[in-house]
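Chemist: have a look at this prediction, sequence included:
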There are 2 protein chains.
Amino acid sequence: MQAKEAAQRLGITQRMLRHYEKAGLMKVRRSENGYRIYSEADLRRAERIYDFIVTGFSTREIRTMAACLSDEGAGPCEGGIEKLSQKLVHIDRLRSDLDSRREAIVDRLATLRAALSNHLEESEPYHAALDISASEVPPRGRRPNPAGVNSNAARR
Amino acid sequence: MQAKEAAQRLGITQRMLRHYEKAGLMKVRRSENGYRIYSEADLRRAERIYDFIVTGFSTREIRTMAACLSDEGAGPCEGGIEKLSQKLVHIDRLRSDLDSRREAIVDRLATLRAALSNHLEESEPYHAALDISASEVPPRGRRPNPAGVNSNAARR
DNA sequence: CAGAACACCAACACATATGTCAGGGTTCAA
DNA sequence: TTGAACCCTGACATATGTGTTGGTGTTCTG
């Protein structure tokens, strides 16, 4: 299919698809006239790229885990045990990154949901979000990870 | 506590803390001399802000769900919940993708290892292959110009 | 007091993701 | 043939997150 349809099916813009290509994250076949021809596999790949980006990864980072983008995980890894192992390392690191991000979000969600249902019963007037009354409220929700050991910042 | 300590405890820079403040995501008390004084609550809030950002939200979006930042998640946080849920869709999609891929690779690895050790009695010499060589990805933001070459003059 | 160690702020530099527009082809139907 | 509807590339524009720098006030300590 060509650009417009591909973009529509993914719910993103053609511009973004072109961007991924230019960033070296995917290669798209062209027809004689130079038009891009997207395959289903291309769509799948593009969607993964998009998911990565929307989740906070940059194309630069994504490029380092290119093998995670193709449909067959074992494919690009035929180079041998060493390469496979390396891929494994990358994928595991990615996974743990995603895990922490997901965990944080899930926690946050749970806390918010609880607070919300609580709020419905209490019906207390809400005070501005920026009102931090400086009171040292005991840890309440989202507390694992006491000292910003943030898998993403200081891990260098 | 003041800026330096706060930043260290969160594992981020003072610059980022200032940025969150300027973006209207938090306000920090000041002492007479104008120095910022961070409370524990401030730290918690800043950490959440950081988590959101690292997960792909912009300060603009985060401002929209300011209620999700305070310790008491009561207020009108519905929008936040929805956005977080949306984010979860992407993350979970990636996770499941990665899971299957990882499985395939592990299998393949096992197979190759078996075949290998079957072929030669000594299955020791390549352990180094499993080392994490860490292909580091440079952080965002300004980078020192490698050679004082102004590669793009008229752009501002 | 001098100097180190911090703090503050503004402004500029960069990378990245996207939007948008310009100048130009290609296809196809009326 | 003409026009609509697509496609392409490239360049410029904007929003964001951070790093970096420079100028300057404040605090603490020898």
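Modeler: Structure received. Numbering: from 1, shown residues only, chains lettered A, B, ... in the order given.
Chemist: all helices of chain A, in order?
Modeler: With helices called from DSSP state H, chain A shows them at A:3-10, A:14-22, A:40-54, A:59-63, A:81-122.
Chemist: what's the angle from the third one to helix B:78-119?
Modeler: Think helix A:40-54. Compare the direction of helix A:40-54 with that of helix B:78-119 by axes from the mean of the first three to the mean of the last three CA atoms, to 10 degrees and you get 120 degrees.
Chemist: thinking again about what came up before, Throw the helices of chain A into TSV and include mean pLDDT, thanks.
Modeler: Formatted as TSV, the helices of chain A follow (pLDDT from 0 to 100):
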stretch	mean pLDDT
helix A:3-10	97
helix A:14-22	98
helix A:40-54	94
helix A:59-63	89
helix A:81-122	67
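Chemist: so of these, which one's packed in deepest?
Modeler: helix A:40-54 (a mean of 19; mean count of other CB atoms under 10 Å in any protein chain shown). Using the backbone N, CA and C atoms, a C-beta is placed for each residue, glycine as well.
Chemist: what about it, near DNA strand D?
Modeler: No: Helix A:40-54 stays clear of DNA strand D (CB under 7 Å from any atom of the strand), getting no nearer than 11.8 Å.
Chemist: who touches that helix?
Modeler: With contacts defined as CB atoms under 8 Å, 6 or more residues apart in numbering or on different chains, helix A:40-54 is touched by A:6, A:9-10, A:12, A:16-17, A:20, A:25-26, A:28, A:38, A:59, A:61-62, A:68-71, B:56, B:87, B:90-91, B:93-94, B:97.
Chemist: again, 6 Å this time
Modeler: A:10, A:12, A:20, A:25-26, A:28, A:62, A:69, A:71, B:56, B:90, B:93-94 (CB atoms under 6 Å, 6 or more residues apart in numbering or on different chains).
Chemist: only alpha carbons, please: show that helix as PDB.
Modeler: Extracted in PDB, the C-alpha atoms of helix A:40-54 (Å, rounded to 0.1, in the frame of the first residue of the first chain):
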ATOM      1  CA  GLU A  40       2.300  -5.400   6.400                       C
ATOM      2  CA  ALA A  41       5.600  -6.200   8.000                       C
ATOM      3  CA  ASP A  42       6.600  -2.500   7.400                       C
ATOM      4  CA  LEU A  43       3.500  -1.500   9.300                       C
ATOM      5  CA  ARG A  44       4.300  -3.800  12.200                       C
ATOM      6  CA  ARG A  45       7.800  -2.400  12.300                       C
ATOM      7  CA  ALA A  46       6.600   1.200  12.100                       C
ATOM      8  CA  GLU A  47       4.200   0.600  14.900                       C
ATOM      9  CA  ARG A  48       6.900  -0.800  17.100                       C
ATOM     10  CA  ILE A  49       9.100   2.200  16.400                       C
ATOM     11  CA  TYR A  50       6.200   4.500  17.200                       C
ATOM     12  CA  ASP A  51       5.500   2.700  20.400                       C
ATOM     13  CA  PHE A  52       9.100   3.100  21.400                       C
ATOM     14  CA  ILE A  53       9.200   6.700  20.600                       C
ATOM     15  CA  VAL A  54       5.900   7.400  22.400                       C
END
